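> I need the structure of the sequence given here:
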Amino acid sequence: MQLFHKPDIIEFYFRGILIQEPVTAITDIFITITCWYIFLRLKPYHNNALAYRLFRYFFFMMGLATLLGGIFGHAFSYAVGYNLKLPGWICSMVAVMLAERSSIVHARPLMKKQVGEFFSVLNIVELLTLVTAVSITVNFFFVEAHAFYGLLIVFGSFELYIFRKTGDEGSRWLLYSVCVSALAACVHIGYFSIHRWFNYLDLAHCLMCVSAFLLYQGVTRMSIHQAQNGSATG
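Numbers count the residues shown, from 1 in each chain. A predicted model of the protein is given here:
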């Protein structure tokens, strides 16, 4: 099997029921279990700072997105139709927005008030624009573009800014998570498939689980910073 080649869709029958891309559906559900486990583990932080709460709901929404994706986007896509990929896609875009916003909130005390407000507004405008685009076109490209921009550029840049400014240990771990997410994106874009039964999607999903645990380590370690002169806390 070629490593950098998009493999054919695998079909598998279980008790007479056709399941497409079974390993991909299972690894999607692994992400769901990972994210919802972390969501529950973060419960003690629920009444804490806003950045913690936003991260917590990121895990919930990403878990929901991959559950819907595994069932409707892969296993039973042939039965429900292509358009039912949309709910999972939109949930993942909301999850990315929450991750972006959590890093913006995390960084706002360290920057000028106007800068924090600008990125807070841009965060919502970006989500609404791209959700509208993906809803009209039903094109996964907009989901990928949003994830790349949101997680690798916005989230990564803000956490790097915080780390360089304060040496926040939580931001260090969050940046580790960004690096693994970038590796998962490269696997996905390059169709790096080990085997027809364990293709580029499955490998990317496993890396996403690793990234989620690194993100969890970062959330539990990150500091809530005090506002500096000329900056704002909220």
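> which residues does the most centrally placed residue in the chain contact?
Residue closest to the mean C-alpha point of the chain, counted by CA atoms, centre = their mean, is residue 96 at 5.1 Å. By CB atoms under 8 Å, 6 or more residues apart in numbering, the residues touching residue 96 are 146-147, 150-151. Backbone N, C-alpha and C define where each C-beta goes, glycine included.
> mind putting these in a markdown table, distance to residue 177 included?
Shown next, in a markdown table, are the contacts of residue 96 (distance: CB to CB, whole Å):
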| residue | distance to residue 177 |
| --- | --- |
| 146 | 18 |
| 147 | 13 |
| 150 | 13 |
| 151 | 9 |
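> so which of those are in strands?
Judged by DSSP state E, strands contain none of the contacts of residue 96.
> can you lay out those as CSV showing neighbour count and pLDDT?
Formatted as CSV, the contacts of residue 96 follow (neighbours: other CB atoms under 10 Å; pLDDT from 0 to 100):
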residue, neighbour count, pLDDT
146, 23, 94
147, 19, 93
150, 24, 93
151, 23, 91
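> going by distance to residue 129, which of those wins?
Residue 129 has its nearest neighbour among these in residue 146, at 9.4 Å by CB to CB.
> helices and strands around the top helix by length along the chain, which ones?
Longest helix of the chain, by residue count under DSSP state H: helix 113-137. Judged by 3 or more CB pairs under 8 Å, 6 or more residues apart in numbering; DSSP states H and E, helix 113-137 is in contact with helix 86-107, helix 141-147.
> buried stuff in the first one?
For helix 86-107, a neighbour-count test (16 or more other CB atoms under 10 Å) marks 86, 88-107 as buried.
> mean confidence for that helix?
Mean per-residue pLDDT for helix 86-107: 95.
> quick check: angle from it to helix 113-137?
With axes from the mean of the first three to the mean of the last three CA atoms, to 10 degrees applied, the angle from helix 86-107 to helix 113-137 works out at 170 degrees.
> distance from helix 86-107 to the middle of the chain?
7 Å (CA atoms, centre = their mean, to the nearest Å).
> hmm, back to that, and the contacts of the longest helix of the chain?
Here helix 113-137 makes contact (CB under 8 Å, 6+ apart) with 86, 89-90, 93-94, 97, 100-101, 104, 107-108, 139-140, 142-143, 145-146, 149-150, 154, 230-232.
> what about the helices in the chain?
22-41, 50-68, 77-80, 86-107, 113-137, 141-147, 156-166, 169-189, 200-221.
> the ones you listed into CSV, with extra columns for distance to residue 12?
Below are the helices of the chain laid out as CSV (distance: least, CB to CB, whole Å):
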stretch, distance to residue 12
helix 22-41, 5
helix 50-68, 19
helix 77-80, 12
helix 86-107, 20
helix 113-137, 29
helix 141-147, 26
helix 156-166, 37
helix 169-189, 22
helix 200-221, 14
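> for the protein, give me the ranges with low pLDDT.
1-5, 7, 45-48, 226-234 (pLDDT under 70).
> repeat the analysis, applying 50 as the threshold.
Per-residue confidence for the chain (pLDDT under 50) gives these ranges: 1, 229-234.
> return the distance of the residue nearest to the centre of the chain relative to residue 113.
Distance, residue 96 to residue 113, by CB to CB, to the nearest Å: 25 Å.
> what's the neighbour count on the residue lying closest to residue 166 once chain neighbours are set aside?
Residue nearest to residue 166 in three dimensions, not counting chain neighbours: residue 225, with 6.2 Å by CB to CB, 6 or more residues apart in numbering. Residues within reach of residue 225, counting by other CB atoms under 10 Å, total 19.
> give the contact list for residue 225.
Residues counted as contacts of residue 225 (CB under 8 Å, 6+ apart) are 106, 109-110, 162, 166, 168.
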